[in-house]
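Participant: dropping the sequence and predicted coords here.
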Amino acid sequence: QVQLVESGGGLVQAGGSLRLSCAASTSVFTIVDMSWWRRATGGDRRFVAGVTGGGYTNFGDSVRGRFTVSRDRAKNTLDLQMNGLKPEDTAVYYCNVGGHHGDDETYRQYWGSGTLVTVSS
């Protein structure tokens, strides 16, 4: 199994910064990709940022240039540094990992329980 622990959410004023952290723990799952997603109230879950197994970093259009993401493969962590926060960044942020169990080549994904980020205007 895979356990994901997210931390760092909270309340911040517009223009401020927050740093989210995701720590993955697993014994038999090979993590390939790690990413952050978010869901605003009443909205769909949307991609925020991630680092692929090949080391490629990508961002959602709405956060590019304001957010950065860093991955520590040895520790299975993914940090999201959010700068220049806007009220529209308010959402529950979810960590996602994708990979394989042992020799099973099926690509599987796991989600954290989410951490709330609230940006006040």
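Facilitator: Yep, it's here. Numbering: from 1, shown residues only.
Participant: got the phi and psi for residue 88?
Facilitator: The phi/psi pair for residue 88 (degrees, to the nearest 10) reads phi -70, psi -10.
Participant: with residue 102 instead?
Facilitator: Main-chain torsions, residue 102, degrees, to the nearest 10: phi 50, psi -130.
Participant: how far off centre is the strand or helix carrying residue 78?
Facilitator: If you go by DSSP states H and E, residue 78 is part of strand 77-82. With Cα atoms, centre = their mean, to the nearest Å as the basis, strand 77-82 stands 7 Å off its chain's centre.
Participant: so for whichever helix or strand comes after it, what gets flagged as buried?
Facilitator: Next in sequence after strand 77-82, counting helices and strands by DSSP H and E, comes strand 91-101. By neighbour count on 16 or more other Cβ atoms under 10 Å, the buried set for strand 91-101 is 91, 92, 93, 94, 95, 96, 97, 98, 99. No exception for glycine: its C-beta is placed from N, CA and C like everyone else's.
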